[in-house]
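S.K.: model this:
(2 chains)
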Amino acid sequence: MAPDLTANSVTLFAISYDSVEVLRNFADAHGITYPLLSDEGSHTMRGLGLINDRVREDHAVYGIQPNPRHVNLPYPGLFVLDSDGLVTQKRFYESYRERDTGTGLLAQVLGVVKEPWAPVVATSSPVTVRAWLDSPTYVFFQRLMLTVEVSIDPGFCICAEPARGGVTPLSIAIDPLEGLEVGTPRWPPARRVARPGFNDGLWVHEGIVRGTMPLTFAATPGGGDHQLGVTVRYQACDGASCLEPSSVQLRVRVREAALIGRSLPSPMSKT
Amino acid sequence: MPLPPRDFNAIGPKEGQRFPDVRLPDQTGGLVDVHQQRAGRSALVVFYRSAEW
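M.R.: Got it, this is the predicted structure:
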């Protein structure tokens, strides 16, 4: 992921409680050149309010024995800083089992969309919808990113949030699936246009709009392969009036990655 | 029963705030100041459990 970030003029910092020596060995072993910062004793992370003091209680719930390594651990996550150093996004997780794929993170945090992997397509004039996942496979508790791309024919627009005047805004719905946690979709900002009958104007997307939605597979390993049912609802308008709300459905295939050859993501696996 | 989920908005620096000044040694042992090092560029600051385990 680091080369992608550099290409997008983003500086990466990774902070842990490891000693400089541990980080030096790790950086040497993996060819890491971006700064791995050593917060031995976790004082900086504690000052930032990121230390998880509930690890022991949490682990007791699951019958995991206390372990000195689990003291002074931060919640796993990240901050996105803009060029002025302001926090524009923060993403934190309860558990170290839950994490983003590198490309998914780039898509949602930085708006960098990689070439789609095996997109599925559905057309319903005046829109064409493509959907793809950032990885063809999932592993237990991994967060995949679903990208939905809506191409709108010239002369048309589709309604967006904030939806006023009874129009149906663009939305994504995923058919329920056991163990699948569906996150909040992100869309680019909409544009306000003047339309007869809409005193406050109408918020719309035009051209090509790409939305992303995080999906976490929290089912137990062995969940198998799935066809994700994706429904995209929209309401199209031309310069004069709006058409009836409509929807397209797509089926996105995702396979469970084989667990052979990898350690199960249990907190005890390396202790 | 798992414990109730945390409110992550309440944890750590908030969106819209300047990220606090952080100066820590990197893998070479040299002190790195996050804001100085990013030199006017945007940045990702990642927190993780350990490089060792």
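
S.K.: what residue ranges in chain A are flagged as low confidence?
M.R.: Along chain A, segments meeting pLDDT under 70 span A:1-9, A:55-66, A:68-69, A:93-118, A:136-142, A:219-223, A:257-271.

S.K.: need the helices for it, in chain order.
M.R.: A:2-7, A:20-30, A:43-47, A:55-61, A:102-110 (DSSP state H).

S.K.: In terms of secondary structure, what does the shortest one contact?
M.R.: Yep, that's helix A:43-47 we're talking about. Packed against helix A:43-47 by the contact rule (3 or more CB pairs under 8 Å, 6 or more residues apart in numbering or on different chains; DSSP states H and E) you find no helix or strand. From N, CA and C alone the C-beta is placed, and that goes for glycine too.

S.K.: rerun at 10 Å
M.R.: If you count contacts as 3 or more CB pairs under 10 Å, 6 or more residues apart in numbering or on different chains; DSSP states H and E, helix A:43-47 packs onto strand A:10-16, strand B:23-25.

S.K.: partner residues bridging the most centrally placed residue in chain B?
M.R.: The C-alpha lying nearest the average C-alpha coordinate of chain B belongs to residue B:45 (CA atoms, centre = their mean; 4.4 Å). Counting by DSSP bridges, residue B:45 forms beta bridges with residue A:13, residue A:79.

S.K.: I figured it hits residue A:88, correct?
M.R.: No. The criterion here is CB atoms under 10 Å, and residue B:45 misses it with residue A:88 at 11.7 Å.

S.K.: and for these two, which residues touch both?
M.R.: Residues touching both residue B:45 and residue A:88 by CB atoms under 10 Å, 6 or more residues apart in numbering or on different chains: A:79, A:80, A:81, B:19.

S.K.: For the last one, give me phi and psi.
M.R.: Note on residue B:19: its backbone torsions stand at phi -70, psi 130 [degrees, to the nearest 10].

S.K.: separation between it and chain A?
M.R.: 5 Å (CB to the nearest CB, to the nearest Å).

S.K.: Tell me, how many residues neighbour that residue?
M.R.: Residue B:19 has 23 neighbouring residues, counting by other CB atoms under 10 Å in any protein chain shown.

S.K.: Centre of the chain to stretch A:160-174, how far?
M.R.: 21 Å (CA atoms, centre = their mean, to the nearest Å).

S.K.: Of the helices and strands packed on helix A:43-47, flag the one that's most buried.
M.R.: strand A:10-16 (a mean of 22; mean count of other CB atoms under 10 Å in any protein chain shown).

S.K.: Which strands or helices does it pack on?
M.R.: Counting by 3+ CB pairs under 10 Å, 6+ apart, the packing neighbours recorded for strand A:10-16 are helix A:2-7, helix A:20-30, strand A:36-38, helix A:43-47, strand A:77-81, helix A:102-110, helix B:34-38, strand B:42-47.

S.K.: Not counting its neighbours along the chain, what's nearest the residue most central in space within chain A?
M.R.: Chain A has residue A:214 as the residue nearest its centroid, 4.0 Å off, counting by CA atoms, centre = their mean. Among residues not flanking residue A:214 along the chain, residue A:183 sits closest, at 3.4 Å (CB to CB, 6 or more residues apart in numbering or on different chains).

S.K.: So that neighbour is in contact with residue A:218, correct?
M.R.: No. With contact defined as CB under 10 Å, residue A:183 and residue A:218 do not form a contacting pair (11.7 Å).

S.K.: what sits in contact with each of those two?
M.R.: Common neighbours of residue A:183 and residue A:218 (CB under 10 Å, 6+ apart) are residue A:143.

S.K.: where does chain B dip in pLDDT?
M.R.: B:1-8, B:53.

S.K.: and residue A:199, how many neighbours does it have?
M.R.: For residue A:199, using other CB under 10 Å, the count is 9.

S.K.: Residue A:209 too?
M.R.: Around residue A:209 there are 21 residues (other CB under 10 Å).

S.K.: got the contact list for it?
M.R.: A:127, A:148-152, A:157-158, A:160, A:170, A:187-188, A:190, A:234.

S.K.: In CSV: those residues, plus neighbour count and distance to chain B.
M.R.: Shown next, in CSV, are the contacts of residue A:209 (neighbours: other CB atoms under 10 Å in any protein chain shown; distance: CB to the nearest CB, whole Å):
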residue, neighbour count, distance to chain B
A:127, 20, 32
A:148, 24, 24
A:149, 18, 25
A:150, 22, 27
A:151, 15, 29
A:152, 20, 30
A:157, 25, 30
A:158, 26, 28
A:160, 24, 22
A:170, 25, 24
A:187, 19, 18
A:188, 12, 18
A:190, 21, 20
A:234, 25, 29
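
S.K.: which one of the residues you listed is nearest residue A:31?
M.R.: Nearest to residue A:31, judged by CB to CB, of these is residue A:149 at 34.2 Å.

S.K.: about what we covered before: in JSON lines: the helices and strands packed on helix A:43-47, plus distance to residue A:194.
M.R.: What follows is those, written out as JSON lines (distance: least, CB to CB, whole Å):
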{"stretch": "strand A:10-16", "distance to residue A:194": "37"}
{"stretch": "strand B:23-25", "distance to residue A:194": "52"}
